[in-house]
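Asker: predicted coordinates and the sequence they were generated for:
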Amino acid sequence: MNSFLALFVLVCVAVAVNGLDKCFKEDELKKHTDEMKMKKFAPIIKKCNDEKADSTEADLKACGMRLFKEAMETCEKENPKNDKTTNMYCAVTKLGIECSEDEKNFDKFKAMTLGLVLDDKKKMIEDAIAPCAKETHFHMCTTKILKEHCSESLSMYDRKIKL
């Protein structure tokens with residue numbers, strides 16, 4: 001369940017934001033991001049390709065977003081009292097996206113994230129994300145904090161991200 005949100009945090013495209021520093025090692029981040037996209041989106045891509053064999057990249061993205069929206073709507077109907085983040089986890093599970101052990105544990109997730117951070121930014125980022133360890137949805141907390149400190153776009157919904 002956490003894998004979608006880990007992807008949410010780590011699927012990044014470098015986009016300059018005024019006044020913020022670059023935090024990530026560009027090549028390592030790109031490699032990790034590409035691996036995560038292929039690993040995490042594989043079930044969605046398969047479903048979309050099954051629906052339309054000759055799918056273009058735009059078709060895949062539209063299909064993926066549609067499937068996620070449908071899964072979110074189902075989760076919201078099944079659990080109307082849940083908050084949006086909890087329903088996002090539900091939707092991810094319904095889509096067949098699994099999380100690794102590194103994504104289920106904050107300390108492992110933090111180590112993975114810090115491995116992608118520039119050496120001179122590690123201490124700042126480590127201190128900044130430390131309060132997220134107490135959060136149930138630590139991926140969302142980490143994303144929010146990183147967006148406040150780093151110039152790289154950390155939004156899963158960045159229009160430049162391709163399935």
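Answerer: Yep, that arrived. Numbering: from 1, shown residues only.
Asker: distance of residue 40 from residue 139?
Answerer: Relative to residue 139, residue 40 is positioned 12 Å away (C-beta to C-beta, to the nearest Å). No exception for glycine: its C-beta is placed from N, CA and C like everyone else's.
Asker: just residue 99 next, same as before
Answerer: Residue 99 is 9 Å from residue 139, by C-beta to C-beta.
Asker: report all helices and strands that the longest helix belonging to the chain contacts.
Answerer: Ranked by residue count, the top helix of the chain under DSSP state H comes out as helix 26-51. Packing partners of helix 26-51 (3 or more C-beta pairs under 8 Å, 6 or more residues apart in numbering; DSSP states H and E): helix 2-10, helix 57-78.
Asker: buried residues in the last one, which are they?
Answerer: To tie it back to what came earlier, the one meant is helix 57-78. 60-61, 63-64, 67-68, 71-72, 75-76 (16 or more other C-beta atoms under 10 Å).
Asker: so can I have JSON lines of those residues showing pLDDT and distance to residue 95?
Answerer: Shown next, in JSON lines, are the buried residues of helix 57-78 (pLDDT from 0 to 100; distance: C-beta to C-beta, whole Å):
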{"residue": "60", "pLDDT": "86", "distance to residue 95": "14"}
{"residue": "61", "pLDDT": "84", "distance to residue 95": "14"}
{"residue": "63", "pLDDT": "91", "distance to residue 95": "12"}
{"residue": "64", "pLDDT": "87", "distance to residue 95": "9"}
{"residue": "67", "pLDDT": "93", "distance to residue 95": "6"}
{"residue": "68", "pLDDT": "90", "distance to residue 95": "7"}
{"residue": "71", "pLDDT": "93", "distance to residue 95": "5"}
{"residue": "72", "pLDDT": "93", "distance to residue 95": "10"}
{"residue": "75", "pLDDT": "94", "distance to residue 95": "11"}
{"residue": "76", "pLDDT": "95", "distance to residue 95": "15"}
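Asker: would TSV of the residues you listed with distance to residue 23 be doable?
Answerer: As requested, the buried residues of helix 57-78 are exported to TSV (distance: C-beta to C-beta, whole Å):
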residue	distance to residue 23
60	29
61	26
63	32
64	27
67	31
68	27
71	31
72	30
75	32
76	34
